[in-house]
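Student: A structural model of the following input is requested.
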Amino acid sequence: MKCLFQNTMLARFCSVLWFVFFFLDSPKSKSKKKKKEKHNKKRRKKENKMKKKKEKKKKREKTGPVQLSKFFKNKKKNENYSMITGKKIKMKIKKTKEDKERDRNRAELLEFLNSAL
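Tutor: Below you'll find the predicted structure:
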């Protein structure tokens with residue numbers, strides 16, 4: 001491409017612009033730009049996640065001493081709670097039809113054996 005300018009500095013500038021316009025704006029460079037943008041977006045997203053985690057950690061550390069009385073107000077004395085997890089221990093198990101039938105048969109057998117003695 002011929003440059004319209006006679007001055008050497010302007011001619012160089014014109015050639016640089018022509019190079020940038022045709023070669024750097026090619027489809028290959030566009031795909032590279034898209035890949036870079038996608039990579040940067042992922043990196044920023046990851047950094048934001050890490051920042052949020054750090055902030056949560058700081059909030060947990062900043063909290064003062066825990067008042068256990070708040071937790072034990074709602075709990076009844078006869079209920080058992082796990083010392084490790086703090087969850088309520090289930091003392092009763094829901095019986096299925098098979099379990100109930102088994103219990104009835106066992107009771108009948110006991111009555112029969114007791115009456116035989």
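Student: Now the helix ranked longest in the chain: buried residues?
Tutor: Secondary structure assigned by DSSP state H gives helix 27-62 as the longest helix of the chain. Buried positions in helix 27-62, judged by neighbour count with 16 or more other Cβ atoms under 10 Å: none. Where you see a C-beta, it was placed from the backbone N, CA and C, and this is true even at glycine.
Student: what about it, average pLDDT?
Tutor: The pLDDT scores in helix 27-62 average 81.
Student: Could you do stretch 87-95 as well?
Tutor: Computed over stretch 87-95, the mean pLDDT rounds to 84.
Student: How much space separates Lys51 from Glu79?
Tutor: The spacing between Lys51 and Glu79, counted by Cβ to Cβ, to the nearest Å, is 41 Å.
Student: sorry, back to before: who does the longest helix of the chain touch, helix- and strand-wise?
Tutor: If contacts are counted by 3 or more Cβ pairs under 8 Å, 6 or more residues apart in numbering; DSSP states H and E, helix 27-62 sits against no helix or strand.
Student: Looks to me like Met83 is in a strand.
Tutor: No: assessed with DSSP: H, G, I helix; E, B strand; the rest coil, Met83 is coil; it does not lie in a strand.
Student: Backbone dihedrals for it, both of them.
Tutor: Dihedral pair for Met83: phi -70, psi -30, per degrees, to the nearest 10.
Student: From Ile89, how far out is it?
Tutor: 10 Å.
Student: cool, and Lys56?
Tutor: Counting by Cβ to Cβ, the gap from Lys56 to Ile89 is 30 Å.
Student: Restrict whichever strand or helix holds Asn105 to CA atoms and write it as PDB.
Tutor: Asn105 belongs to helix 97-116 when assigned by DSSP states H and E. In PDB, the C-alpha atoms belonging to helix 97-116 read as follows (Å, rounded to 0.1, in the frame of the first residue of the first chain):
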ATOM      1  CA  LYS A  97     -45.400 -53.000  59.400                       C
ATOM      2  CA  GLU A  98     -43.000 -56.000  59.500                       C
ATOM      3  CA  ASP A  99     -41.500 -54.900  62.800                       C
ATOM      4  CA  LYS A 100     -45.000 -54.500  64.300                       C
ATOM      5  CA  GLU A 101     -46.000 -58.000  63.100                       C
ATOM      6  CA  ARG A 102     -42.800 -59.500  64.500                       C
ATOM      7  CA  ASP A 103     -43.500 -57.900  67.900                       C
ATOM      8  CA  ARG A 104     -47.100 -59.300  67.900                       C
ATOM      9  CA  ASN A 105     -45.900 -62.800  67.000                       C
ATOM     10  CA  ARG A 106     -43.200 -62.600  69.800                       C
ATOM     11  CA  ALA A 107     -45.900 -61.500  72.300                       C
ATOM     12  CA  GLU A 108     -48.200 -64.400  71.300                       C
ATOM     13  CA  LEU A 109     -45.300 -66.900  71.600                       C
ATOM     14  CA  LEU A 110     -44.400 -65.500  75.100                       C
ATOM     15  CA  GLU A 111     -48.100 -65.900  76.200                       C
ATOM     16  CA  PHE A 112     -48.200 -69.400  74.900                       C
ATOM     17  CA  LEU A 113     -44.900 -70.400  76.600                       C
ATOM     18  CA  ASN A 114     -46.000 -68.800  79.900                       C
ATOM     19  CA  SER A 115     -49.300 -70.600  79.900                       C
ATOM     20  CA  ALA A 116     -47.700 -73.900  79.100                       C
END
